[in-house]
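> fold the stuff below for me.
(2 chains)
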2 protein chains.
Amino acid sequence: MARTIQTSVVTEVPGPQSKAATKKLDTFFDSRAVHFVVDYEKSSGNYIVDVDGNKYLDVYSQIASIPVGYNNPALVAAAQSPLMVAALVNRPAIGNFPSRDWHDILKDGLLRVAPKGLDHIFTAQSGSEANELAFKASFMFYRRKERGHGVEWTDEEIKSCLDNAKPGSPDLAVLSFANSFHGRGFGSLSTTRSKAVHKLDIPSFKWPQAPFPALKYPLDKHVEENAAEEQRCLDEVERQITSWHCPVAALIVEPIQSEGGDNHASAVFFQGLRDLTKKHGVVMIVDEVQTGFGATGKFWAHEHWNLTSPPDIVTFSKKAQTAGYFFGDRMLIPDKAYRQFNTWMGDPARAVLSKAVVGEILEKNLVEECARVGDALYAELGKLAQKHPQHIRNLRGKGYGTYISFDTKDSAALVRSMKELGVNVGTCGVQTVRLRPMLIFEESHIPILITALDKALSLNR
Amino acid sequence: MARTIQTSVVTEVPGPQSKAATKKLDTFFDSRAVHFVVDYEKSSGNYIVDVDGNKYLDVYSQIASIPVGYNNPALVAAAQSPLMVAALVNRPAIGNFPSRDWHDILKDGLLRVAPKGLDHIFTAQSGSEANELAFKASFMFYRRKERGHGVEWTDEEIKSCLDNAKPGSPDLAVLSFANSFHGRGFGSLSTTRSKAVHKLDIPSFKWPQAPFPALKYPLDKHVEENAAEEQRCLDEVERQITSWHCPVAALIVEPIQSEGGDNHASAVFFQGLRDLTKKHGVVMIVDEVQTGFGATGKFWAHEHWNLTSPPDIVTFSKKAQTAGYFFGDRMLIPDKAYRQFNTWMGDPARAVLSKAVVGEILEKNLVEECARVGDALYAELGKLAQKHPQHIRNLRGKGYGTYISFDTKDSAALVRSMKELGVNVGTCGVQTVRLRPMLIFEESHIPILITALDKALSLNR
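From the prediction side, this is the model:
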């Protein structure tokens, strides 16, 4: 069902209409980061259309968050359903007054794709929130083990926590990795280590970070070096866990560090993390906010690892169109109601949409399709890298669906050129171009992307 | 247009269907806080219907978050509009690729009700997130003033912030009040001081808290005492600001402390806070997550204060059906793009709904109606308090619309009785019953509420 739609750029980018609309919006809404203003009605499938009538192949997908294409008919049907209208206009405090539909919305939606071994869910509204809720669950779990099962809170704990003081408000840490991105709340930002623009001037918790493996490419030519690098990082993780000034209650890791530069590590490394976290009683949180929902050629990127036991918590957002975390151990449910709670606890409207996303992915085998198309895309990029070896370096993502990236001299300039050539693509890290097509990206789109990239690289010499 | 619908409770509460549905949901979603499971299709206006067919007058309104009634026709129309469908299925990274409609959705919606003097907006998804974004804006603002306008970041700042270390990650604080509730993220929770169940076991920032005035009732009999109490609290605020171990960049305060027990203070107190924050260069954040959108008989509760200059930041959520903050000083926009940013930056679908909420409130003069009906309700409650003086104590909220509350012996037991009598009502603090009807609560509903309360109090003697 390949639909060949030509891209078409008829103005400079951004065009005059985009510029005017951005300026108008900026009078009350900070618009300095706007790339262009979009006509979503005219956008369709893999193609995004701006207000100047420019049509781009979109392989950035709203920072990796559009799952199955603009104006996807199955999502439109879900959006027009009575279930959606009710979810929108009668927004409940889900924890107190759930709708009679809430069970089925989850059961027939997100629960269908729950990671193996993780059969419980807590719903949220963003990846940042999901990660922070996972941290809170981990901290309560840690103290529950320490306090002893069934042991009541002391008066001193109850009183001191209101003063943000010990013992009620304990010194506990989450370990994360250099170059990681886990969000921008005060807790999640304390584990984010990507860029100063995310963190500068914001108070943070004094939590530890470990190095993330810096693998050398091509992988098959650096097997021993890379294994040693991963072991070095694992050793440092264990050192941090055992020597930090306070207990490390949880470790959070992205399967592929995305915002931080599309940094990969091997299944052996992640199995090592699972072993270390088990050994030291640390909750292992896998942040699948960007990697989850199929783009790596598996529904969850951590399925690539064949772990001996599942992660304790897996967080999700972006392509799910809603957010939350999955878990298995019921001890991660706090000892009392209302401890893990908030007014809305997610958004049933977004959960209805995620049910449609899940249905579309499973029904159309989009994960398998993504794996297949990704392999073909990777092969074509490999050829292009041979033609432009100084411009396409460290090509990565082989076997990871369309979750492909490479380093280049001036990624920002390349991305600007690509827009002018009709392809919307994103950057990450300091020198990386990341491809984040939707799950409906087909083989017919590969030549459009490759041709534009070839031309852009020839221009940017 | 009084529609008299009788409440009807035909089973125990929760009924057998609710219990069964809750048990089923609990297999994968923690359901210990569920009051009852709701049939939202059958719910209408001020009335909520559970899956057992029980119909309650709802004066709790999903923890104060339903603005204009269940299945409100104007909201249903908005939910069925093409604008909504597009917003749902093409969820943008608003900061990068806003829709051509985004300007008008805000301009014709939330901006219509922007607090006086605050003509800029940042959008979010929850009250917690809105408050944390306000904190971040305050911290960046503080450091910008300290660093000097236009002065570039140093290499040391850039590097140290990635390590969560000074000077890039500075020690700066937000001052909040005892018994306040500002949310459950790691930053917002550090300013929340309401209950141990919200805070225990969660690491927090060592930020200061000041006492919030403990006023005595009736107010007209304790004028001097209450004025002295407010001055004591103001003095303590100034002492904290000038003596805390690190700079206090912002102060956050609820116009009425809601979760913490419906604690009021006078306009004089809040003017005092405005004076102190001005004097010491502290950003004044007014948390109108629960008080905003009309329920106090003004659109924003802080309008009751007639401040000499507006607050610096006003946060909102709940009845807005979306969230965010308003501000006026453009210096609160950070010096570079992407510092105050995240993938979704709110939800356009929820913003479309909020536009309909704003339209409904303004078109039907619901704020004025709420003020009028609230006065009548307060008068009736005053009479009931005379009948049950030991059960209705410290009646408060006179002149604050329907934002009314009182202390009682066993608030949890009273709320249970009220449900059995067909009225859904909430608690707060340790001994308080809070009324949070929707803005469409009419005089015809007052007798239903009063009759049930009279009966419940007679039962609970």
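> ranges for the helices of the stretch 1-150 of chain A?
Counting by DSSP state H, counting those that start in this stretch, the stretch 1-150 of chain A has helices at residues A:16-25, A:61-64, A:73-79, A:82-89, A:102-107, A:127-147.
> in TSV: those, plus distance to residue A:282.
From N, CA and C alone the C-beta is placed, and that goes for glycine too. Shown next, in TSV, are the helices of the stretch 1-150 of chain A (distance: least, C-beta to C-beta, whole Å):
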stretch	distance to residue A:282
helix A:16-25	45
helix A:61-64	28
helix A:73-79	38
helix A:82-89	37
helix A:102-107	28
helix A:127-147	8
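> the closest residue to chain B within the stretch 301-450 of chain A and residue B:200: what is the separation?
As assessed by C-beta to the nearest C-beta, chain B sits closest to residue A:337 within the stretch 301-450 of chain A, at 3.7 Å. Distance, residue A:337 to residue B:200, by C-beta to C-beta, to the nearest Å: 13 Å.
> more neighbours: the two, which one.
Ranked by neighbour count (other C-beta atoms under 10 Å in any protein chain shown), residue A:337 and residue B:200 place residue B:200 first, with 24 against 15.
> residues contacting residue A:230?
Counting by C-beta atoms under 8 Å, 6 or more residues apart in numbering or on different chains, residue A:230 touches A:213, A:215, A:265, A:266, A:268, A:269, A:272.
> nearest to chain B among those?
Using C-beta to the nearest C-beta, residue A:213 comes nearest to chain B of those, at 17.8 Å.
> list the contacts of that closest one.
Residues in contact with residue A:213 (C-beta under 8 Å, 6+ apart) are A:226, A:229, A:230, A:232, A:233, A:263, A:265, A:266, A:269.
> where does the fourth one fall, secondary structure wise?
For residue A:232, the host element (DSSP states H and E) is helix A:223-243.
> what's the next secondary structure element after that helix?
strand A:248-253.
> name every strand pairing with that following strand and say which way it goes.
Partners of strand A:248-253 in the sheet, by DSSP bridges, are strand A:173-177 (parallel), strand A:283-287 (parallel).
> give me the buried subset of the contacts of residue A:213.
With burial judged by 16 or more other C-beta atoms under 10 Å in any protein chain shown, the buried subset of the contacts of residue A:213 is A:226, A:229, A:230, A:233, A:263, A:265, A:266, A:269.
> I'd like the distance between residue A:417 and residue A:433.
11 Å.
> cool, and residue A:454?
Noted for residue A:454: a distance of 14 Å to residue A:433, by C-beta to C-beta.
> what do you get for residue A:80?
Distance, residue A:80 to residue A:433, by C-beta to C-beta: 37 Å.
> give me whichever of the strands paired with strand A:248-253 is most buried.
strand A:283-287 (a mean of 28; mean count of other C-beta atoms under 10 Å in any protein chain shown).
> contact residues of the stretch 151-300 of chain A facing chain B?
Neighbours of chain B within the stretch 151-300 of chain A, by C-beta under 8 Å from any C-beta of the partner chain: A:153, A:157-158, A:161-165, A:168-173, A:178, A:183-188, A:190, A:193-207, A:209.
> please read the previous query as pertaining to the stretch 351-461 of chain A.
residue A:353.
> mind listing the helices for the stretch 351-461 of chain A?
A:366-387, A:411-420, A:446-459.
> dump these into TSV; add mean pLDDT as well.
As requested, these are exported to TSV (pLDDT from 0 to 100):
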stretch	mean pLDDT
helix A:366-387	98
helix A:411-420	96
helix A:446-459	95
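> turn the ones you listed into JSON lines, columns for mean neighbour count and distance to residue B:102.
Formatted as JSON lines, these follow (neighbours: other C-beta atoms under 10 Å in any protein chain shown; distance: least, C-beta to C-beta, whole Å):
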{"stretch": "helix A:366-387", "mean neighbour count": "18", "distance to residue B:102": "29"}
{"stretch": "helix A:411-420", "mean neighbour count": "19", "distance to residue B:102": "20"}
{"stretch": "helix A:446-459", "mean neighbour count": "18", "distance to residue B:102": "28"}
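> out of those, nearest to residue B:410?
Judged by C-beta to C-beta, the one of the helices of the stretch 351-461 of chain A that comes nearest to residue B:410 is helix A:366-387, at 54.2 Å.
> what's next to that closest one, contact-wise?
The list of residues contacting helix A:366-387 from outside it, by C-beta under 8 Å, 6+ apart, reads A:68, A:294-295, A:297-299, A:360-361, A:392-393, A:395, A:397-404, A:406, A:435, A:439-443, A:446, A:449-450, A:453-454, A:457.
> dump that helix to PDB, keeping only the CA atoms.
C-alpha atoms of helix A:366-387 as PDB (Å, rounded to 0.1, in the frame of the first residue of the first chain):
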ATOM      1  CA  LEU A 366       3.700  -2.300  12.700                       C
ATOM      2  CA  VAL A 367       6.400  -3.400  15.000                       C
ATOM      3  CA  GLU A 368       7.500  -6.200  12.600                       C
ATOM      4  CA  GLU A 369       7.100  -3.800   9.700                       C
ATOM      5  CA  CYS A 370       9.300  -1.300  11.400                       C
ATOM      6  CA  ALA A 371      12.000  -4.000  12.000                       C
ATOM      7  CA  ARG A 372      11.800  -4.900   8.300                       C
ATOM      8  CA  VAL A 373      11.800  -1.400   6.900                       C
ATOM      9  CA  GLY A 374      14.400  -0.400   9.400                       C
ATOM     10  CA  ASP A 375      16.800  -3.000   8.100                       C
ATOM     11  CA  ALA A 376      16.300  -1.800   4.500                       C
ATOM     12  CA  LEU A 377      16.800   1.900   5.600                       C
ATOM     13  CA  TYR A 378      20.000   1.000   7.600                       C
ATOM     14  CA  ALA A 379      21.400  -0.800   4.500                       C
ATOM     15  CA  GLU A 380      20.800   2.300   2.300                       C
ATOM     16  CA  LEU A 381      22.300   4.600   4.900                       C
ATOM     17  CA  GLY A 382      25.300   2.200   5.100                       C
ATOM     18  CA  LYS A 383      25.800   2.700   1.300                       C
ATOM     19  CA  LEU A 384      25.500   6.500   1.700                       C
ATOM     20  CA  ALA A 385      28.000   6.500   4.500                       C
ATOM     21  CA  GLN A 386      30.500   4.900   2.100                       C
ATOM     22  CA  LYS A 387      29.900   7.700  -0.300                       C
END
